[in-house]
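Visitor: Predicted model, plus sequence, below.
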Amino acid sequence: MRIWNGFRLVCWFLLGIALVGCATYETIGLANELTLLRKILPSEMLWMDDWKNEPWRRGNATARVNIDIVEYIRPPETVQNWTEMYTMIVEWKTSKAYSYPGGTTISEVPDPSAKMEAIRVATQNRCVEPVAFQILDENKSAYYPSVMFYLACGKYKEPSPTVSETQVYHVFQGKHGIHVGIRAKRAASLDKVTLDTWAQYMKRLYVCDNKISGQECGKMK
């Protein structure tokens with residue numbers, strides 16, 4: 001019996017070492033891939049013509065694992081105190097799906113409609129009442145397939161600092177990642193005229209790639 005118990009302890013010990021080793025290998029593999037990604041990011045990016053004439057100012061930029069986020073606000077508002085915000089997010093794909101604390105990287109760029117549904121469900125889970133949802137535009141046959149949709153939550157669950165929020169999303173399936181543009185307002189809903197105006201505005205957003213002949217992408221200020 002003692003021999004068996006001792007054998008079991010040795011087995012658990014070796015399994016523990018193996019798991020730690022695997023986790024370390026995963027961590028090192030992801031770190032190496034992200035280092036390379038940050039050195040030479042893919043050339044594709046979200047772009048809007050005449051952006052320099054828009055009344056937005058960069059408020060915050062964050063790089064988290066394989067996700068880049070840039071938030072724009074209207075002066076004199078700040079990212080802590082705003083009524084309207086414009087956000088651009090890109091989730092770059094990695095060679096395989098790496099697990100990390102809080103999530104998993106993507107090895108394949110998801111279909112825009114799948115990303116839309118994930119966003120809708122996540123928003124509904126945070127909202128007290130049923131969210132308002134409407135698909136505004138969809139293009140499945142484009143070089144960069146996309147979907148644009150409207151989401152509104154009249155009241156978020158506690159302890160969210162935001163009482164209510166309305167958003168228009170434009171999601172693109174890039175070759176190297178999933179690109180998301182969001183225009184948001186701290187309001188329970190948008191009236192039809194405003195929603196139509198926002199939809200036309202968000203249609204100006206597209207994925208630009210300097211490596212494609214005829215496309216010249218700059219840097220969003």
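Guide: Looks like it arrived, so ask away.
Visitor: Figure out the helix or strand that the residue most central in space within the chain lives in.
Guide: Closest residue to the average C-alpha location of the chain: Ile89 at 4.4 Å, with C-alpha atoms, centre = their mean. For Ile89, the element it lies in under DSSP states H and E is strand 84-92.
Visitor: follow-up on the earlier one: who touches the residue nearest to the centre of the chain in this structure?
Guide: By C-beta atoms under 8 Å, 6 or more residues apart in numbering, the residues touching Ile89 are Ile67, Asp68, Ile69, Val70, His179, Val180, Gly181, Ile182. Backbone N, C-alpha and C define where each C-beta goes, glycine included.
Visitor: So Lys157 is in contact with Cys127, correct?
Guide: Yes: applying C-beta atoms under 8 Å as the test, Lys157 and Cys127 come out as touching, 7.0 Å apart.
Visitor: Neighbour count for those two, which is higher?
Guide: Using other C-beta atoms under 10 Å as the criterion, Lys157 and Cys127 rank with Cys127 on top: 20 against 10.
Visitor: show me the contacts for the more buried one.
Guide: By C-beta under 8 Å, 6+ apart, Cys127 lies in contact with Cys153, Gly154, Lys155, Tyr156, Lys157.
Visitor: how does it look with 10 Å?
Guide: Contact analysis of Cys127 by C-beta atoms under 10 Å, 6 or more residues apart in numbering lists Leu151, Ala152, Cys153, Gly154, Lys155, Tyr156, Lys157, Ser160, Ser164, Glu165.
Visitor: Please apply the same query to Arg186.
Guide: Contacts of Arg186 were listed using C-beta under 10 Å, 6+ apart, and they are Asn81, Trp82, Thr83, Glu84, Met85, Thr162, Val163, Ser164, Glu165, Thr166.
Visitor: if we can go back for a sec, of the contacts of Cys127, which is the most crowded?
Guide: Cys153 (24 neighbours).
Visitor: For it, give its distance to Trp47.
Guide: With distances taken as C-beta to C-beta, to the nearest Å, Cys153 is found 29 Å from Trp47.
Visitor: What of Asn53?
Guide: Asn53 sits at a distance of 14 Å from Trp47 (criterion: C-beta to C-beta).
Visitor: Looking at the two, which is more packed in?
Guide: Between Asn53 and Trp47, Trp47 has the larger neighbour count (other C-beta under 10 Å), namely 21 against 6.
Visitor: before we move on, which element is that one in?
Guide: strand 44-48.
Visitor: Partner strands of that strand, with direction?
Guide: Paired neighbours of strand 44-48 in the sheet (DSSP bridges): strand 205-209 (antiparallel).
Visitor: Which positions within the strand it pairs with qualify as buried?
Guide: Leu205, Tyr206, Val207, Cys208, Asp209 (16 or more other C-beta atoms under 10 Å).
Visitor: Report the contact partners of the residue lying closest to the last one once chain neighbours are set aside.
Guide: If the residues on either side of it in the chain are set aside, Asp209 comes closest to Glu44, at 4.3 Å by C-beta to C-beta, 6 or more residues apart in numbering. Applying C-beta under 10 Å, 6+ apart, one finds that Glu44 lies in contact with 90, 92, 144, 172, 174-177, 179, 207-212, 215, 217.
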